[in-house]
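1. this one's structure only:
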């Protein structure tokens, strides 16, 4: 018995690769599209076994202008649909660059590093030279030509190389060195630097403070804090039955006079700081009592707000914050230009060591008032925030020592004119507003017009009552002389809106009452129209252009403008006057009205 076994064939699964992006006819993207398509078809031979399937697959990736080109080929069932290589040639001829070398050469000649890193410039340079067949020396020369001048100068100090890759690596190294040096200069030029807070260890050469119950007032270790917290002991003195805020052993009414000493280059600058709160964890020193109170305070930062109880201390001549609080909440700090040593009156340093850090200006909300304070960073776990005399002197608040309430005196509300939208926006932030209406006083109608002394003789010109009086006939009345045989024209009627008709009736009634106009007996007429003035009112205009065409012009010569300018050339001040009802100040000659 024979068993025929089928020959075993090894099955290799084709790799999964991403579908090429569709092509819309953009020539700048054609080269990448073509290579993606070729790679996709090459990696999927079983899926596209014949010429037609390959061409059909490419056709499904075309849209826009490219699809418009492909549609006639598909509709006519052209031979190229069954010729993969022929279809690619047609595609390249339509959307590809006819001369890739020339295009690459043009781009390479224009390529410059500019303000970019040398690595970015080199990457673009390598892409362009793939289409060129230049000698490597020419490539090196062109790459050097496009580099920035400072990189070229530094390359002169480097050993000479022969290959393009070595030269590009040297240029990138030089550019990186220049960038690092630039960063160093920027850091060196800053008077202060942003740095994460790091407690500065106490200088061992500094004198130790007076050993008065020193063990009790040294900073607590984490283990000691945990032990006291677990056993419900006071964090200040370590005794049971009370907490640190109410500790009877805490000296909050003692005054410690300290001096800030800036040391460096044997130059000592002293600034007196008075602290009734013992920032040395309660070091007992004879002092005079000063006033203190505890008040709620908010430290408002960009990403968080801390609500704390601050010690408002009239004996402290600076504002302080605990270094543990700063470290826990990531409060930004600045390093002082010089370390500052805090000393007591007799020259002994504080146990917390040098003051080397201060916070950035923090927004502090205290007593319904916002202000910005730079805190000195010290070790003060009992009273984590201390508001001293700088803030108290600046704001001079009213302090209710019994209720621990603070009301700053500098909250002065100056009246401001705001619109309804701005007012509504402000009301959403504040709870109460007092609104007072100030009525505007209308000027009295009989108030005389105040004129400068030099114009007092022409006061009647400015009076409104004279503008409503028709002038008498005078020798210089306006004469209307018609050309021989001419007749006054008959003008059209212009369309008027209801508003304009109302204004027209008002003008007619007013001028009839004043005697400026009268009912016409002429068969001819001129149309009227209205022009809107800047203040929104309407000005009536009479279209006399037809009449002007048939009148005899006054040909009297006018002064030359150049001569007038010459006469006025040395003048510094010019006056003008806008006469009331100027149109009616000159009458038409009797008979021409």
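-> Nice, thanks for sending it over. Nothing here was measured: the structure is a model prediction, and the numbers come from that model.
2. and the end-to-end length of stretch 464-484?
-> Stretch 464-484 stretches 42 Å from its first residue to its last (CA to CA, to the nearest Å).
3. who touches the closest residue to residue 147 other than its chain neighbours in this structure?
-> Closest residue in space to residue 147, ignoring its immediate chain neighbours: residue 113 at 5.3 Å, by CB to CB, 6 or more residues apart in numbering. In short, each C-beta sits where N, CA and C put it, glycine included. Listed by CB atoms under 8 Å, 6 or more residues apart in numbering, the contact set of residue 113 reads 121, 146, 147, 148, 151.
4. ditto for residue 356
-> Taking CB under 8 Å, 6+ apart as the test, what residue 356 contacts is 200, 335, 336, 339, 340, 377.
5. for residue 325, same thing?
-> 306, 308, 331, 384, 385.
6. tell me the SS of residue 167?
-> Using DSSP: H, G, I helix; E, B strand; the rest coil, the secondary structure recorded for residue 167 is helix.
7. re the thing from before, and the residue nearest to residue 147, what's its pLDDT?
-> pLDDT for residue 113: 91.
8. closest to residue 117 among the contacts of residue 356?
-> residue 335 (30.8 Å; CB to CB).
9. quick check: that closest one vs residue 572, distance?
-> 61 Å (CB to CB, to the nearest Å).
10. can you list contacts of stretch 554-564?
-> Stretch 554-564 has contacts (CB under 8 Å, 6+ apart) with no other residue.
11. now do the same end-to-end measure for it.
-> Terminal-residue distance, stretch 554-564 (CA to CA): 21 Å.
12. tell me how far it lies from the chain's centre.
-> Distance of stretch 554-564 from the chain centroid (CA atoms, centre = their mean, to the nearest Å) equals 57 Å.
13. look up the closest residue to residue 296, ignoring the ones flanking it.
-> According to CB to CB, 6+ apart, the nearest residue to residue 296 is residue 309 (6.1 Å).
14. A helix includes the one you found, no?
-> No. Using three-state DSSP, the secondary structure at residue 309 is strand, not a helix.
15. burial measure for it, as a count.
-> When counting by other CB atoms under 10 Å, one arrives at 13 neighbours for residue 309.
16. one more: residue 161?
-> By other CB under 10 Å, the residues close to residue 161 number 14.
17. doesn't it belong to a strand?
-> No. Residue 161 is assigned coil when assessed by three-state DSSP, not a strand.
18. is it in contact with residue 168, as I believe?
-> No. Counting by CB atoms under 8 Å, residue 161 does not reach residue 168; the two are 9.5 Å apart.
19. circling back to that earlier point, closest one of the contacts of residue 325 to residue 464?
-> Of all these, residue 464 sits closest to residue 306, with 68.6 Å by CB to CB.
20. list phi and psi for the nearest residue to the closest one once chain neighbours are set aside.
-> Among residues not flanking residue 306 along the chain, residue 299 sits closest, at 4.3 Å (CB to CB, 6+ apart). Residue 299 has phi and psi values of phi -100, psi 110 when expressed as degrees, to the nearest 10.
21. could you measure from residue 299 over to residue 373?
-> On the measure of CB to CB, residue 299 and residue 373 end up 9 Å apart.
22. which one's more surrounded, those two?
-> residue 299 (24 against 21).
23. check what pLDDT residue 566 gets.
-> The score at residue 566 is 86. That number is its pLDDT.
24. distance check, it against residue 382.
-> When residue 566 is compared with residue 382 (using CB to CB), they lie 88 Å apart.
25. looking at those two, which is more packed in?
-> Neighbour count, other CB under 10 Å: between residue 566 and residue 382, residue 382 has more, with 18 against 10.
26. assign that one to helix, strand or coil.
-> Per three-state DSSP, residue 382 ends up coil.
27. touching, it and residue 236? I think so.
-> Yes. Using CB under 8 Å, residue 382 is in contact with residue 236, at 5.8 Å.
28. low pLDDT regions in the stretch 351-500 of the chain?
-> For the stretch 351-500 of the chain, the stretches with pLDDT under 70 are 351-352, 403-404, 408-417, 427-449.
29. list phi and psi for the residue nearest in space to the middle of the chain.
-> Centroid check for the chain by CA atoms, centre = their mean gives residue 302 as the closest residue, at 16.9 Å. The phi/psi pair for residue 302 (degrees, to the nearest 10) reads phi -70, psi -40.
30. can you check the one 3 residues further on too?
-> Torsion angles at residue 305 (phi, psi; degrees, to the nearest 10) stand at phi -130, psi 130.
31. try residue 528
-> phi -120, psi 160.
32. my read: it touches residue 505, true?
-> No. Between residue 528 and residue 505 there is no contact under CB under 8 Å: 12.0 Å.
33. could you measure from the residue nearest to the centre of the chain over to residue 39?
-> Applying CB to CB to residue 302 and residue 39 gives a distance of 49 Å.
34. hmm, who's touching stretch 163-173?
-> 117-119, 122, 125-126, 136, 139-140, 143-144, 147, 151, 155, 158, 161.
35. neighbour-wise, which of those leads?
-> That'd be residue 118 among those, by other CB under 10 Å, with 25 neighbours.
36. which residues sit in contact with that residue?
-> Per CB under 8 Å, 6+ apart, neighbours of residue 118: 147, 148, 151, 171, 172, 174, 175, 176.
37. are any of those residues buried, and if so which?
-> 147, 148, 151, 171, 172, 174, 175 (16 or more other CB atoms under 10 Å).
38. distance between stretch 231-249 and the chain's centre?
-> 51 Å.
39. go on, stretch 114-126?
-> 31 Å.
40. flag the shaky bits of the protein, pLDDT-wise.
-> Low-confidence segments of the chain (pLDDT under 70): 1-14, 98-99, 187-219, 245, 248-292, 341-352, 403-404, 408-417, 427-449.
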